[in-house]
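1. Need coordinates for the below:
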Amino acid sequence: MGLSDEIIKIFFPNIVVEAVEVDQKSGKKQWSIVDHKLREPFDKLLTNADCQTWSG
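-> Numbers count the residues shown, from 1 in each chain. The predicted model follows:
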């Protein structure tokens, strides 16, 4: 978990999570990402139209 956290922090300085109820009967909740912000320079990838189309 610690390694995953360090890797995620490379790309995302801010991630907002909240508990979302997945089963009303039991009251079970699951953590879901509700907002995020990419760290520079990764945020520029989404504004550059050339990077939004990929071929394989």
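2. which residues touch the closest residue to residue 37 other than its chain neighbours?
-> Spatial nearest neighbour of residue 37, excluding adjacent residues (CB to CB, 6 or more residues apart in numbering): residue 14 at 4.5 Å. Glycine gets a C-beta too; all of them are placed from N, C-alpha and C. Residues counted as contacts of residue 14 (CB atoms under 8 Å, 6 or more residues apart in numbering) are 35, 36, 37.
3. likewise residue 32?
-> Residue 32 makes contact with 17, 18, 19, 20, according to CB under 8 Å, 6+ apart.
4. Just the buried subset of those residues, please.
-> Buried members of the contacts of residue 32, counted by 16 or more other CB atoms under 10 Å: none.
5. Go through the residues you listed and flag the one the model is least confident about.
-> pLDDT across the contacts of residue 32 is lowest for residue 17, at 76.
6. Quick check: it touching residue 30?
-> No - the pair residue 17 / residue 30 is not scored as a contact, 10.1 Å apart, by CB atoms under 8 Å.
7. Remind me which helix or strand residue 31 belongs to.
-> According to DSSP states H and E, residue 31 maps onto strand 28-37.
8. cool, and residue 4?
-> helix 2-11.
9. With distance to residue 4 and secondary structure as added columns, please give the contacts of residue 32 in TSV.
-> Below are the contacts of residue 32 laid out as TSV (distance: CB to CB, whole Å; DSSP: H, G, I helix; E, B strand; the rest coil):
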residue	distance to residue 4	secondary structure
17	14	strand
18	19	strand
19	19	strand
20	20	strand
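10. Now for the residues you listed: which two are most distant?
-> Greatest spacing in those, by CB to CB: 17 and 20 (9.4 Å).
11. which residues do the two both contact?
-> With CB under 8 Å, 6+ apart, residue 17 and residue 20 have common neighbours 31, 32.
12. Tell me what residue 36 is bridged to.
-> The partner list for residue 36 in beta bridges (DSSP bridges) reads residue 15.
13. Pretty sure residue 16 is one of the things it touches, is it not?
-> Yes - shown here, residue 36 and residue 16 form a contact pair, counting by CB under 8 Å, at 7.1 Å.
14. These two: which is more packed in?
-> For residue 36 and residue 16, the more surrounded residue by other CB atoms under 10 Å is residue 36, and the numbers stand at 13 against 10.
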